[in-house]
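Colleague: Give me a 3D structure for the following:
(one chain, ligands or ions: 1)
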Amino acid sequence: MNQHASQHAIAVAGVRRVFGKGRKQVIALEDVDLVVGAGEFVSLIGPSGCGKSTLLRLVADLDTATAGTLEIFGKPARRARLDQDYGIAFQQAGLLPWRTVAGNVELPLKLHGVASAQRKARVAELLDLVGLSDFAKNHPDQLSGGMQQRVAIARALAESPRLLLMDEPFGALDEITRERMQNELVRICAETGAAVLFVTHSIPEAVFLSDRVVVMSPRPGRITGVVDVRADGLAGAHDRTERARDEEGFFRAVAEVRGLLHGAPVATVAADGLEK
Ligand SMILES: Nc1ncnc2c1ncn2[C@@H]1O[C@H](COP(=O)(O)OP(=O)(O)OP(=O)(O)O)[C@@H](O)[C@H]1O
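Modeller: Okay, the predicted model is just below:
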């Protein structure tokens, strides 16, 4: 891989995705350009149907674009999928109920022929990272929703990916667990240096986690604005602490994202001040 390509985790250019034909045609994505730098945390936010999941699925090569190009670490999406260049965590934790917590985390390593002793060591490390060392032998149905999601994140991290693709991973959690999970994700990203493309419906979640928040609108699905949270005075995503939730820059960024979602001129909303 050349030096230039390795600078980007994701490079999306001129992407269009059309479903169906004739009167039933849906333009899920139109003219989408997006670059996610190595180690950068980028969230996608927008109303239902604006194409967030479609974009994530295209990056993960679970679907194919009608037009445009997608590169992951400089490779076509298909090559990156085959090379296991990223980990995936979606809203449903998607754990195998008959396997233990350790067995679930171990699975990708087993499927890729990692030797037993190495697998064991890696699983122990990952469970420690997500704070579940004491639950290695439990089964998923013995865990809370937040704990199951942490198992799914550990599994997504098993092969030390430089990129994580996450589609509303905390959407089903209560607010307190959700904030705790967000704090943990920040810590994990700082420790692993992974880039993240993260889909969410929550403005505060997007702002707290991200370096940049990408705002989308539907029919056709397009990027309508990008808020660089760092420009609002928050530390970069890897250096973020829980205190960021109380900082002025946080509320400024929340107001900016909200303004973009509602189609208001950003300057007016920002000048207006804080969350309403
Ligand atoms: N397989 C498909 N066949 C037909 N239409 C589809 C398909 N997948 C998505 N769409 C349409 O594409 C548009 C974008 O859908 P997508 O799921 O990407 O939106 P989203 O922003 O993730 O929505 P939500 O926030 O509700 O999850 C929607 O109008 C949806 O109905």
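Colleague: Just give me the neighbour total for Gln91.
Modeller: Under the neighbour criterion other CB atoms under 10 Å, Gln91 is assigned a count of 17. Every residue, glycine included, has its C-beta placed from N, CA and C.
Colleague: Grab the nearest non-local neighbour of it.
Modeller: Closest residue in space to Gln91, ignoring its immediate chain neighbours: Glu168 at 4.4 Å, by CB to CB, 6 or more residues apart in numbering.
Colleague: any idea of the pLDDT on that neighbour?
Modeller: With respect to pLDDT, Glu168 has a value of 90.
Colleague: Isn't it up against Phe90?
Modeller: Yes: counting by CB atoms under 8 Å, Glu168 touches Phe90, with 7.4 Å between them.
Colleague: Give me the distance from stretch 137-148 to the chain's centre.
Modeller: Taking the mean C-alpha point of stretch 137-148 and that of its whole chain, the gap between them comes to 22 Å (CA atoms, centre = their mean, to the nearest Å).
Colleague: ends of that stretch, how far apart?
Modeller: 13 Å (CA to CA, to the nearest Å).
Colleague: List the buried residues in the longest helix along the chain.
Modeller: When the chain is scanned for its longest helix (criterion: DSSP state H), the result is helix 175-192. Residues 177-189, 192 are the ones in helix 175-192 that count as buried (16 or more other CB atoms under 10 Å).
Colleague: And the furthest pair within the residues you listed?
Modeller: Maximum pairwise distance among those (CB to CB): 21.6 Å, between Thr177 and Thr192.
Colleague: Indicate the residue of the stretch 101-250 of the chain located nearest to the ligand.
Modeller: Closest approach between the stretch 101-250 of the chain and the ligand, counting by CB to the nearest ligand atom: Gly221, at 5.6 Å.
Colleague: Show the backbone phi and psi for the closest residue to that residue other than its chain neighbours.
Modeller: Closest residue to Gly221 in three dimensions, ignoring its sequence neighbours and counting by CB to CB, 6+ apart: Gly51, at 2.7 Å. Backbone torsions for Gly51, taken as degrees, to the nearest 10, come to phi 100, psi 10.
Colleague: ok, Gly51 touching Ala28?
Modeller: Yes: under the criterion of CB under 8 Å, Gly51 is in contact with Ala28, at a separation of 4.7 Å.
Colleague: residues shared between the contacts of the two?
Modeller: When contacts are counted by CB atoms under 8 Å, 6 or more residues apart in numbering, Gly51 and Ala28 are jointly contacted by 17, 220-221.
Colleague: other SSEs contacting the one helix or strand Arg79 maps to?
Modeller: When elements are assigned from DSSP states H and E, Arg79 belongs to helix 77-82. In this structure, helix 77-82 makes packing contacts with strand 67-72, judged by 3 or more CB pairs under 8 Å, 6 or more residues apart in numbering; DSSP states H and E.
Colleague: What helices and strands are in contact with the strand it packs on?
Modeller: Helices and strands touching strand 67-72, by 3+ CB pairs under 8 Å, 6+ apart, are strand 8-19, helix 52-59, helix 77-82.
Colleague: Report the angle between it and helix 52-59.
Modeller: Direction vectors for strand 67-72 and helix 52-59, defined by axes from the mean of the first three to the mean of the last three CA atoms, to 10 degrees, enclose an angle of 70 degrees.
Colleague: buried stuff in strand 67-72?
Modeller: Counting neighbours by 16+ other CB under 10 Å, strand 67-72 gives 68, 70-72 as buried.
Colleague: One more: stretch 157-177?
Modeller: Neighbour counts over stretch 157-177 (16+ other CB under 10 Å) mark 157-159, 161-171, 173, 177 as buried.
Colleague: next one: stretch 215-225
Modeller: The neighbour-count criterion (16+ other CB under 10 Å) identifies 215-218, 220-223, 225 as the buried residues of stretch 215-225.
Colleague: One more: stretch 31-42?
Modeller: Using 16+ other CB under 10 Å as the test for burial, stretch 31-42 gives 32, 34, 36, 39-42.
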